[in-house]
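Asks: Predicted model follows, preceded by the sequence.
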Amino acid sequence: LKFRFGRVLSPNPSISKMSRFDKAAAKAGAAKAAAPSPAAKAAAAAPAAKAAAKAPAVQLVTLDDKKKFILKHEMKIDDAKEAVGNEPNRAKKKELEATLKKLQQDETYVKTIQEIKDIEAQAARDAERAAVNAKTTDKKSTKSSSKTAEKADAPVLNPDEKADDAVMAEIDAAFAASGKDAAAAKANAVARLGALAAATPFVLPRLEKLVSLFADSKLGAPAVKAACTIVEAVQPAGHGVAAIAVPALLAGMEDKKWKTKASCIEVLSPCLRQMGEHTPAQLASCLPLIVPKLAEAALEVRAEIRTATGAVLREIGALVASPEIKKLSQELVTALAEPTNQKHTQSVLAKMGNQTFLSLIDPASLS
């Protein structure tokens, strides 16, 4: 009824208005309808994931590509550092620091740096190996070229050449030569003397010319070899050694050049063997002259001279004839070769003082 007792009746509130519960339920239903379902979310995210998967990774093939990538990435790191330093807000600063840390620990960045280090280290090893191989090749080529040069410079000898006045005049002229070709001429003369060693009357008097070359850096060794060959080939055996060879060698030992002294002492060995085996009387006359010179040489500073002196003194000790001195010969030789060893020298002198000599002492043994 619209009218009751003359008043208009209003509608029932429960019918005309919605309750608060109904409003909240209606609002939740509308929100649920508007929000996408999980299935819809997954369906929407799938294309994005596929697109990300399809995005190609950074291809770093050459060393230049790797270096360019590192340069760009480090520029990003520098920018991130600058942003962190300029940010006053703490929360934002933490976010920026996290981003910087990610950039610094980026897997591709770290891996690429290590690859560059490995490539450069391998390149350095390859370069070092190539340099070593090049040096080895150069040495081999230098040796081969030097050998070829030596073969080319080696004197050509005539195997049928015989010693006579004309040949000796040519050799003497070669020894006296001077100028650019003097070294080659002297080397040829030395070789010819060695080849004619059996012609004692011609070559033995020219031993002094060989002694003058003992100190030469190139001709010294061939000259010593030729001198030893001449002395060993003396005919008649042992003759002329005491009169010609020994005086020339003793004079050479007075030279100030240590190579000359050492070489003269070296050539004394074949002289002693020749005289000891074939002319012992000449050996007896020469030893009193040789031993004092060797005792002086034993005090030289150069080890080469002392070594050669010790070898000759031991050879002399083996040639001693007196049985009493021969028993002490090696100790005597050691005392002469090592004059600074006072303890040994005094011991040898004491033994000699206590020795009873029953046989004749020849000049060689006495020296």
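Replies: Perfect, thanks for sending it. Residues are numbered from 1 along each chain as shown.
Asks: list the contacts for residue 335?
Replies: 341, 344, 345, 348 (Cβ atoms under 8 Å, 6 or more residues apart in numbering). Any C-beta I mention is one placed from the backbone N, CA and C, and that applies to glycine too.
Asks: What's the local residue count around the last one?
Replies: If I follow you right, that is residue 348. Residue 348: 17 surrounding residues under other Cβ atoms under 10 Å.
Asks: Now it: which helix or strand?
Replies: If you go by DSSP states H and E, residue 348 is part of helix 342-353.
Asks: Counting by contacts, list what that helix packs against.
Replies: If you count contacts as 3 or more Cβ pairs under 8 Å, 6 or more residues apart in numbering; DSSP states H and E, helix 342-353 packs onto helix 329-337.
Asks: gap between residue 200 and residue 282?
Replies: Between residue 200 and residue 282 the computed distance is 15 Å (Cβ to Cβ, to the nearest Å).
Asks: With residue 204 instead?
Replies: In terms of Cβ to Cβ, residue 204 sits 14 Å off from residue 282.
Asks: which among the contacts of residue 335 end up buried?
Replies: 345, 348 (16 or more other Cβ atoms under 10 Å).
Asks: Now flag whichever of the contacts of residue 335 is closest to residue 189.
Replies: The nearest member of those to residue 189, counting by Cβ to Cβ, is residue 341 at 43.6 Å.
Asks: ok, residue 286 - contacts?
Replies: So residue 286 contacts 242, 246, 275 (Cβ under 8 Å, 6+ apart).
Asks: who does the strand or helix carrying residue 311 touch, helix- and strand-wise?
Replies: Per DSSP H and E: residue 311 is located in helix 303-319. Contacts defined by 3+ Cβ pairs under 8 Å, 6+ apart place helix 303-319 against helix 258-278, helix 280-297, helix 329-337.
Asks: quick revisit: now tabulate the contacts of residue 335 in JSON lines and tack on pLDDT and distance to residue 97.
Replies: Below are those laid out as JSON lines (pLDDT from 0 to 100; distance: Cβ to Cβ, whole Å):
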{"residue": "341", "pLDDT": "83", "distance to residue 97": "81"}
{"residue": "344", "pLDDT": "84", "distance to residue 97": "84"}
{"residue": "345", "pLDDT": "85", "distance to residue 97": "87"}
{"residue": "348", "pLDDT": "84", "distance to residue 97": "91"}
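Asks: Out of the contacts of residue 335, the closest to residue 89 would be?
Replies: Lowest distance from residue 89 to the contacts of residue 335 (Cβ to Cβ) belongs to residue 341, with 91.5 Å.
Asks: Residue 291 against residue 337, yeah?
Replies: No: contact status for residue 291 versus residue 337: not in contact, 11.4 Å apart, counting by Cβ atoms under 8 Å.
Asks: Looking at the two, which is more packed in?
Replies: Between residue 291 and residue 337, counting by other Cβ under 10 Å, residue 337 is the more crowded of the two (21 against 18).
Asks: residues near residue 192, how many?
Replies: By other Cβ under 10 Å, the residues close to residue 192 number 21.
Asks: which residues of the protein fall in strands?
Replies: 3-4, 7-8 (DSSP state E).
Asks: Dump the contacts of residue 335 into JSON lines; add distance to residue 219 as well.
Replies: Shown next, in JSON lines, are these (distance: Cβ to Cβ, whole Å):
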{"residue": "341", "distance to residue 219": "37"}
{"residue": "344", "distance to residue 219": "39"}
{"residue": "345", "distance to residue 219": "39"}
{"residue": "348", "distance to residue 219": "41"}
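Asks: got the phi/psi numbers for residue 320?
Replies: Dihedral pair for residue 320: phi -70, psi 140, per degrees, to the nearest 10.
Asks: quick one on the thing from earlier: buried set for the helix holding residue 311?
Replies: Using 16+ other Cβ under 10 Å as the test for burial, helix 303-319 gives 305, 306, 308, 309, 310, 312, 313, 315, 316, 317, 319.
Asks: Now for this protein: which helix has the highest residue count?
Replies: helix 107-153 (DSSP state H).
Asks: What helices and strands are in contact with that one?
Replies: When contacts are defined as 3+ Cβ pairs under 8 Å, 6+ apart, helix 107-153 sits against helix 63-86.
Asks: what sits up against the helix it packs on?
Replies: With contact meaning Cβ under 8 Å, 6+ apart, helix 63-86 is reached by 58-60, 93, 96-97, 99-100, 103-104, 106, 108-109, 112-113, 115-116, 119.
Asks: go with 10 Å
Replies: Residues outside helix 63-86 that contact it (Cβ atoms under 10 Å, 6 or more residues apart in numbering): 58-60, 62, 92-104, 106, 108-109, 111-113, 115-116, 119-120, 123.
Asks: Ends of stretch 171-189, what's the gap?
Replies: End-to-end span of stretch 171-189 (Cα to Cα, to the nearest Å): 5 Å.
Asks: got the angle for the longest helix of the chain vs helix 63-86?
Replies: Calculated by axes from the mean of the first three to the mean of the last three Cα atoms, to 10 degrees, helix 107-153 forms an angle of 140 degrees with helix 63-86.
Asks: Tell me how confident the model is about helix 107-153, as a mean pLDDT.
Replies: Helix 107-153 shows a mean pLDDT of 77.
Asks: now stretch 223-239
Replies: On average, stretch 223-239 scores 90.
Asks: what's the answer for stretch 158-176, then?
Replies: Mean predicted confidence for stretch 158-176 is 86.
Asks: residues in contact with it?
Replies: Residues from elsewhere that reach stretch 158-176 (Cβ under 10 Å, 6+ apart): 181-182, 184-190, 192-193, 195-203, 205-206, 208-210, 212-213.
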